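Q: Predicted model and sequence follow; I will ask about them next.
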Protein chains: 2
Amino acid sequence: MNGAQALLRALLAGGVDVCFANPGTSEMHFVAALDDVPRMRGVLALFEGVATGAADGYARMAGRPAATLLHLGPGLGNGLANLHNARRAGTPLVNVVGDHATDHVKYDAPLQSDIAAVAGSVSGWLRHSTSARDVAADAAAAVAAARAGTIATLVLPADVSWDEIDGDEVEGVEHSDPPVVEVRQTRPADPSAVEAAAAALTSGEPCVLLVGGDATRAAGLAAANRIAAATGAKLLAETFPARLERGAGVAPVDRLGYLAAAAVHQLGAARHVVLVGARSPVTFFAYPGKPGDLVPDGAAVHEVVAKEDARDGVATAALEELAELLAPGTTATPAALARPALPSGPLTAETAAAVIGALLPEGAIVVDESVTSGLGLPGATAGAPQHDVLTLTGGAIGYGLPAATGAAVACPDRPVWCLQADGSAMYTISALWTHAREGLDITTVIYNNSAYAILRMELQQVGAASARERARALFDLGGPQLDFVAIAKGMGVPAVRADTAEGFAEALRRAAAEPGPHLVEAMVPPLVP
Amino acid sequence: MNGAQALLRALLAGGVDVCFANPGTSEMHFVAALDDVPRMRGVLALFEGVATGAADGYARMAGRPAATLLHLGPGLGNGLANLHNARRAGTPLVNVVGDHATDHVKYDAPLQSDIAAVAGSVSGWLRHSTSARDVAADAAAAVAAARAGTIATLVLPADVSWDEIDGDEVEGVEHSDPPVVEVRQTRPADPSAVEAAAAALTSGEPCVLLVGGDATRAAGLAAANRIAAATGAKLLAETFPARLERGAGVAPVDRLGYLAAAAVHQLGAARHVVLVGARSPVTFFAYPGKPGDLVPDGAAVHEVVAKEDARDGVATAALEELAELLAPGTTATPAALARPALPSGPLTAETAAAVIGALLPEGAIVVDESVTSGLGLPGATAGAPQHDVLTLTGGAIGYGLPAATGAAVACPDRPVWCLQADGSAMYTISALWTHAREGLDITTVIYNNSAYAILRMELQQVGAASARERARALFDLGGPQLDFVAIAKGMGVPAVRADTAEGFAEALRRAAAEPGPHLVEAMVPPLVP
């Protein structure tokens, strides 16, 4: 047995049985070991950002880490944007980065680079494996670290993979306890913080209850709903939840707005902002002359559970404790099943949202990178059958198609709807090939508005008044217009274009009726012309 | 005038007038300033790896830096692989990375990350700009640093762009001398090193003369050719030159092989390896039980000019000095015009190479990321009209389509032929859209062999004997087969497929006859089945 085989067995022993891979020469023995350890599923991505985004989407739905397999520093670089999103989501992820063999490093061969510097920027745990004998323990430590809600990066020199170890050591590996790793332990809510929040919520002053992390699942939202109903507090969820359960049967929640003006309106005249698993609200970007801190002037902020601790039910437990204090014996009021009527006429962001609300299947996983075209989606789908929504936690675009890949691998029996803006689709477009390769049940909607429409909006927000044609050309995706039907066909995904609400509905119905991936190109006018 | 406008003017004053950009909100004022500083050309890329690869290709051909514009840490991450290649090429490049406004950093908003850690892994110069008043000087320093053959990264907070500065300061900026920056100065060859090399070359023992850096241009190769002819030394160029001039009228040179076995054969029984602008030869990857150092046992290595110094004619001057010493009064023997005959029959890597040799136009810029399918190209094009070849200096694939973009922007009057493998094309495929957008005269050949064929080869090289179906599936790009004609159409580039040598020739002729970008999908069997 060689190091790679020992590594794969250790990953399996830790419950990691999927590896999203884009390997190169230094990873050959890892790849070869897939034939010796057949329970490990290798999923090929044509670009590392697809692999890392898929591992993120997988873990958000499976509740356990997947592994990646990346090729040295450049491969890690290509995967970095979606690792950033995973870091912001608190996603457990075992990030395996192949490296030159230990003896080869001194030659500074062309692919040599500072892997640790780059990996350190996204990893909560990082180890450079040094021998085949220890690599199984390294892998076990990585899994344990990842399971604490972080990216655990294991740098894997080629010789660590190919060196042989003897059978006894293998035996030991498979039966040893997982090693202790020093990762941040989640802390339950402090009783005094719960008391302070309870006092604020019953003060009679306007309160906002802002929830995030594990509290955006059904149980947390139910408790929050009870608290809000009993106290009159306004309930909001963080802007970009890692995983939001919603729809009929789940207590409803509005998300804090991305646009500062919307968020300011939502937070209104609150005198108290109670945080359970969410960060104190700030603007996504800075805008000249406008505050970045969205907490209303003079309002008190009460953190019950820090965002970093809001996992494994910690935020939910705090909300349930508060609910028992403030609303004993009550039950939550879930959203009722209430779909919009199927619209007709021209396809717009609004009618597209209504079509999706009308047709979204029970148990769907919605991966949302719709950006401006999706502004109407939360309203239109609030009463759809229960579904999960995965969002762009770190703001690094190019997340949707890869995350959908991982979600579909994690949940093969659930339909995945990937709602994807055109501009951000192009960063990781090759994910479509993996959708086809793996026969994943993903319906991708590309909102083609031929623009980085959000940047037109942001241009107004930042007050860059001098911008004229040459600036606007940098937000223009027309000339040539992207043809996503052709692109999808080129990667083996059946696709159709829709420019009416009826055509869009028909295309979605057909996609839902057939197994495997589909793409529907929704031709919509940009929100900001 | 705001900081962004001052920055753009300072870049222009330093001779930087092209910016390959993929901006976001924090870069809005930079973008807006393009309307105020119209001499700066903004070229939109749909992915940051296209922007950084284009800036690399541009500088290799223009001989001066372009700027990039990237969006915070994730944008930098997406651009990192091609920055790695640029670093390995010694490419001058001004890498502008937008950041949150200074006051916003404390909020740790979703897109916040450690930009400096990531940028530091590829940059020879790195500065975080702190005020609009100083940003012009920062930009001038960045340009000066870049011109010394490095990536100069300027981190640009949004407020530095948007803050206003007064006119006097602007006046000063435009007329001030460029600031002194501490970058590595190139060192001319030491006389004693020249003497030692001369002694080795005239020792009567077998010698290899290995050249790189600026010595792979016509003048350096002419001098090297004279030395080799006079001394019997075997002349080789580094495996992956940043820019290799070759073809009829240029002294010919073989490149050191990528495959270790080939390189070992080329280096043969050399007792002396004389390095002029090249590194001492090592294998690209490590292989179990095989040496990484390719210098024959017991051979002496004589470094005349270090790779890092081989720019601005330094390596060429050393070769000319050696030629005057060892071969005074001689002239080089350039390659004669000798094209292969146009082949007929099935299209293979070999017949495709012959077609390219037969048709390559005068003055072409060949961007070569053909990987295994291109093994026959050097032979087939050795007697083609004079052309430049840009190669994958850092081994980070996804370089070809972006570099072709930049080369075409740098040299609008020269045809660019981008010879691109299928697997590596998919990392930065959206470059095709920029080809179309800018109407660039690029003929892209995609060798579609439905495989990461090089990995099949490497699997044998590393001796991963256990690899069977599950491993091989990770190198298989069939199922579904990529359709590059459809993908190109989706991005606005006219495309045809060829599966015979005649059809390939006809497609290339038509592409050459029409302005603007074209793509030819060459269906070839993989070299390793």
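A: The structure has been received and is ready for your questions. This structure is a prediction, so every number in the text was calculated from the model and none was measured.
Q: A:Ala507: what's it in contact with?
A: Contacts for A:Ala507 (CB atoms under 8 Å, 6 or more residues apart in numbering or on different chains) come out as A:496, A:498, A:518, A:520. Using the backbone N, CA and C atoms, a C-beta is placed for each residue, glycine as well.
Q: Please read the previous query as pertaining to A:Gly383.
A: So A:Gly383 contacts A:247-248, A:335-339, A:357 (CB under 8 Å, 6+ apart).
Q: burial count for the residue lying closest to A:Gly400 once chain neighbours are set aside?
A: Excluding the flanking residues, the one nearest A:Gly400 by CB to CB, 6 or more residues apart in numbering or on different chains is A:Glu369, at 3.2 Å. Neighbour count of A:Glu369, defined by other CB atoms under 10 Å in any protein chain shown: 26.
Q: Let me see the backbone angles for A:Glu369.
A: Dihedral pair for A:Glu369: phi -130, psi 40, per degrees, to the nearest 10.
Q: do the same with A:Leu126
A: Per degrees, to the nearest 10, the backbone of A:Leu126 is at phi -150, psi 130.
Q: cool, and A:Cys411?
A: phi -130, psi 70.
Q: A:Ala451: what's it in contact with?
A: Applying CB under 8 Å, 6+ apart to A:Ala451 gives the contacts A:422-423, A:475-478, A:526, A:528.
Q: rerun at 10 Å
A: Contacts for A:Ala451 were tallied using CB atoms under 10 Å, 6 or more residues apart in numbering or on different chains; they are A:372, A:421-423, A:472, A:475-478, A:525-529.
Q: what does A:Ala382 give?
A: Applying CB under 10 Å, 6+ apart, the residues contacting A:Ala382 are A:246-248, A:250, A:252-254, A:335-336, A:338-340, A:357.
Q: Buried among those? Need that as a selection in ChimeraX.
A: A single ChimeraX command suffices to select whichever of these are buried according to 16 or more other CB atoms under 10 Å in any protein chain shown:
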select /A:246,247,248,250,252,253,335,339,340,357
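Q: Give me the distance between the residue nearest to A:Gly400 and B:His71.
A: 15 Å (CB to CB, to the nearest Å).
Q: Might you report the residue contacts of A:His128?
A: Listed by CB under 10 Å, 6+ apart, the contact set of A:His128 reads A:97, A:99, A:102, A:115-116, A:119, A:138, A:153-157, A:160.
Q: same check, this time on A:Tyr107
A: A:Tyr107 touches A:100, B:279-284, B:286, B:292-294, counting by CB under 10 Å, 6+ apart.
Q: if we can go back for a sec, so which of the contacts of A:His128 sit within strands?
A: If you go by DSSP state E, the contacts of A:His128 have A:97, A:99, A:153-157 in strands.
Q: Take those residues and write them to JSON lines, including distance to chain B and neighbour count.
A: Output for these, formatted as JSON lines (distance: CB to the nearest CB, whole Å; neighbours: other CB atoms under 10 Å in any protein chain shown):
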{"residue": "A:Val97", "distance to chain B": "13", "neighbour count": "27"}
{"residue": "A:Asp99", "distance to chain B": "10", "neighbour count": "27"}
{"residue": "A:Thr153", "distance to chain B": "13", "neighbour count": "30"}
{"residue": "A:Leu154", "distance to chain B": "19", "neighbour count": "29"}
{"residue": "A:Val155", "distance to chain B": "14", "neighbour count": "24"}
{"residue": "A:Leu156", "distance to chain B": "13", "neighbour count": "27"}
{"residue": "A:Pro157", "distance to chain B": "9", "neighbour count": "25"}
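Q: Format those as CSV; extra columns: pLDDT.
A: Shown next, in CSV, are these (pLDDT from 0 to 100):
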residue, pLDDT
A:Val97, 98
A:Asp99, 98
A:Thr153, 97
A:Leu154, 97
A:Val155, 97
A:Leu156, 98
A:Pro157, 97
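Q: That'll do, ta.
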